[in-house]
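Trainee: The sequence and its predicted three-dimensional model are supplied below.
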Amino acid sequence: MVPYRVVIFPSRKLSGASTSSNAWVSLGGTLGQTSNIPVPRNQVELVFQHKNLGLLTTLRIGHDNTGMSPKWMVEHVLVRNEVTGHTWKFPCGRWLGRGIDDGSLERILVGELVPSHITSDDLVESCRTPVRCRSPNMPGPRRSDLKLTIPDIQQHLGDSVNNLVKYFYKPEKERGSLTLLLCGDFGLVCCLEQVFSYGFKSTRFFGKNLYLWDYFERVQQHFEVLLREEAEREQLTGITRDGRDHGLNSMAELVGLVSRINASSSHLGKDDKFQLFVCLAARARLLPRILLPLQRSPVTSHMYDESSFLRDPQLVRDLINVLSALNDFEIVLESSLTRGID
């Protein structure tokens, strides 16, 4: 058994520094994952024993939203293997609680090993600083603050895909963390969020921010209508069209995937659901296949400016070419990422 020390750094602002709820953490690594481990009330540090988890990759943190003041702002979480001395840093910078941020009661954080030359004092001070690059990603409306250009976003996405391709060509012992390449800083999720956020009409309607997951839910509803109409047409005519030519198979996959994520991840916020969608769609080789149906959907023209990636046929073709490079590889997701889905 290995002792692990977990230190949570909440916001120093009084309103988000503590929670009345019952909080918990769950760790995932290359050799396994833990169940939910309770965080002692009014404490931000705990030590627990568990069989060796290997290199740590993910940390889930959540609470049950109970009590008078459940809302909790977590900046970072540190986890130390007390045997090896290795420490992992999990950036968060997000709220946990209903009615704030994206309403999440659970966050999936991606960690990086802290270099050995970083002193404890420097590490603690960095964890008390609000997160600028959030994990797994920032709320959709805030992504526009980065003021990225189309060439910037294309470069970031191309680099993230190239890093994944290089990962699969390396010997297995030299590969490192696939989860980090998917969900870490400038990983596939982050870069596709940049793509989908560009030109996204995330303005406030009736006092509510729109998130990218709102777009995918509306697309799901539209695709469900199209698939139902296609089934009725087939029943009347007896003629079945090739679903591949018309994108019907890809539409059906998206509908099923969004439904599974919503049904099994009710405590996750909208941004974490987007992260799950990208990871699962990459594994299913769905990402390049779904772009043309998305481009043709009236939901896209309603929720995106004309300057967006999704409304420009050439930019969509470029995205398809870049993302198709991942089709040659078998993406295996850690169970800590897909818990409750698979």
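Mentor: Right, received. Where do you want to start? Numbers count the residues shown, from 1 in each chain.
Trainee: Which helix or strand in the chain has the lowest average pLDDT?
Mentor: Every helix and strand of the chain was ranked by mean pLDDT, DSSP states H and E. The lowest is helix 140-143, at a mean of 40.
Trainee: helix or strand right after that one?
Mentor: Next along the chain after helix 140-143, taking DSSP states H and E as the criterion, comes helix 150-169.
Trainee: ok, residues contacting that following helix?
Mentor: If you take CB atoms under 8 Å, 6 or more residues apart in numbering as the criterion, helix 150-169 is touched by 148, 175-176, 178, 181-182, 186-188, 190-192, 194-195, 198, 309, 315, 318-319, 322-323, 325-326, 328-329. For every residue, glycine as well, the C-beta is placed using N, CA and C.
Trainee: Pull out the buried residues from the next helix-or-strand element following that helix.
Mentor: Per DSSP H and E, the first helix or strand lying C-terminal to helix 150-169 is helix 178-183. For helix 178-183, the neighbour count (16 or more other CB atoms under 10 Å) marks Leu178, Thr179, Leu180, Leu181, Leu182, Cys183 as buried.
Trainee: Thought Val110 was touching the last one, still the case?
Mentor: The one in question is Cys183. Yes - under the criterion of CB atoms under 8 Å, Cys183 makes contact with Val110 at 4.5 Å.
Trainee: wait, Leu181 sits on Val189?
Mentor: No - counting by CB under 8 Å, Leu181 does not reach Val189; the two are 9.8 Å apart.
Trainee: Low-confidence stretches in the stretch 101-250 of the chain?
Mentor: Along the stretch 101-250 of the chain, the parts satisfying pLDDT under 70 run over 128-146, 203-208, 241-246.
Trainee: so how far is Arg233 from Val165?
Mentor: When distance is defined by CB to CB, to the nearest Å, Val165 is 41 Å away from Arg233.
Trainee: Tell me the strands beside the host helix or strand of Val25, with direction?
Mentor: For Val25, the host element (DSSP H and E) is strand 23-29. Looking at strand 23-29 with DSSP bridges, its partner strands are strand 32-33 (antiparallel), strand 37-38 (antiparallel), strand 56-63 (antiparallel).
Trainee: Dump these into JSON lines; add distance to Glu106, mean neighbour count and mean pLDDT as well.
Mentor: Below are the strands paired with strand 23-29 laid out as JSON lines (distance: least, CB to CB, whole Å; neighbours: other CB atoms under 10 Å; pLDDT from 0 to 100):
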{"stretch": "strand 32-33", "distance to Glu106": "14", "mean neighbour count": "18", "mean pLDDT": "92"}
{"stretch": "strand 37-38", "distance to Glu106": "14", "mean neighbour count": "13", "mean pLDDT": "96"}
{"stretch": "strand 56-63", "distance to Glu106": "3", "mean neighbour count": "25", "mean pLDDT": "94"}
